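Trainee: Structure of the sequence below:
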Amino acid sequence: MSLVQAPRLETERLILRGPEKRDAEPVMAFLLDQARAAGFGASPNRGEAWRWFCLNVGHWHWHGYGYFTIEDKTTGQAAGISGIWNPESWPEPELGWVVFDGFEGKGVAFEAAQRARRYAYEDLGFTTLTSNIVPSNERSKALAARLGARYERTYFNENMGEDELWRHPGPEALA
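Mentor: Predicted structure coming up:
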């Protein structure tokens, strides 16, 4: 059962749905992997990883949107998270994505991010989105570019340090 009132979005291979209690373990495993989660904000221990999972649940309640769990339609496994993130201190709403171990290189992040962006534009009425990317995260920058986003500026993110802001094309450019 979902912990939030999130819509269920589908693509050809994926389901984007609200976080459920069963998603806590895969999310925490990702956050505790210091190398894999470095560009996202790795957690130093299980308690901090659990708090981040609950932060996402709270984000949904506060904003009415947040990170969806990406579920693989074939296996039912949690494959990652993607959605709109806008906590206190963020410059503006961000389209974000993370793919869990074993799901990289399969187009999961691209497919999920495209669907989450469409949801933000068509259902939430957003007119612009950004992605905040740690400068060393070349894979995320390549995905942002593949999604049509363009580097706009570098800024200081109080949570992540130096961050690059990438601007996505607006809804009119994607129609």
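Trainee: pLDDT-wise, which helix or strand of the protein ranks last?
Mentor: helix 171-174 (a mean of 91; mean pLDDT, DSSP states H and E).
Trainee: Can you give me the buried ones in it?
Mentor: Along helix 171-174, these residues count as buried under the neighbour rule (16 or more other Cβ atoms under 10 Å): P171. Using the backbone N, CA and C atoms, a C-beta is placed for each residue, glycine as well.
Trainee: Show me how far that helix is from its chain's centre.
Mentor: Put simply, helix 171-174 sits 20 Å off its chain's centre (Cα atoms, centre = their mean, to the nearest Å).
Trainee: Output the contacting helices and strands for it.
Mentor: If contacts are counted by 3 or more Cβ pairs under 8 Å, 6 or more residues apart in numbering; DSSP states H and E, helix 171-174 sits against helix 108-122.
Trainee: how about the helix it packs on as PDB, C-alpha atoms only?
Mentor: Output in PDB follows, covering the C-alpha atoms of helix 108-122 (Å, rounded to 0.1, in the frame of the first residue of the first chain):
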ATOM      1  CA  VAL A 108      15.300   2.700 -17.100                       C
ATOM      2  CA  ALA A 109      16.300   6.200 -15.900                       C
ATOM      3  CA  PHE A 110      15.600   7.700 -19.300                       C
ATOM      4  CA  GLU A 111      12.200   6.100 -19.600                       C
ATOM      5  CA  ALA A 112      11.200   7.000 -16.000                       C
ATOM      6  CA  ALA A 113      12.500  10.500 -16.200                       C
ATOM      7  CA  GLN A 114      10.600  11.200 -19.400                       C
ATOM      8  CA  ARG A 115       7.400  10.000 -17.800                       C
ATOM      9  CA  ALA A 116       7.900  11.900 -14.600                       C
ATOM     10  CA  ARG A 117       8.600  15.100 -16.600                       C
ATOM     11  CA  ARG A 118       5.500  14.600 -18.600                       C
ATOM     12  CA  TYR A 119       3.500  14.200 -15.400                       C
ATOM     13  CA  ALA A 120       5.000  17.400 -14.000                       C
ATOM     14  CA  TYR A 121       4.100  19.400 -17.200                       C
ATOM     15  CA  GLU A 122       0.700  17.800 -18.000                       C
END
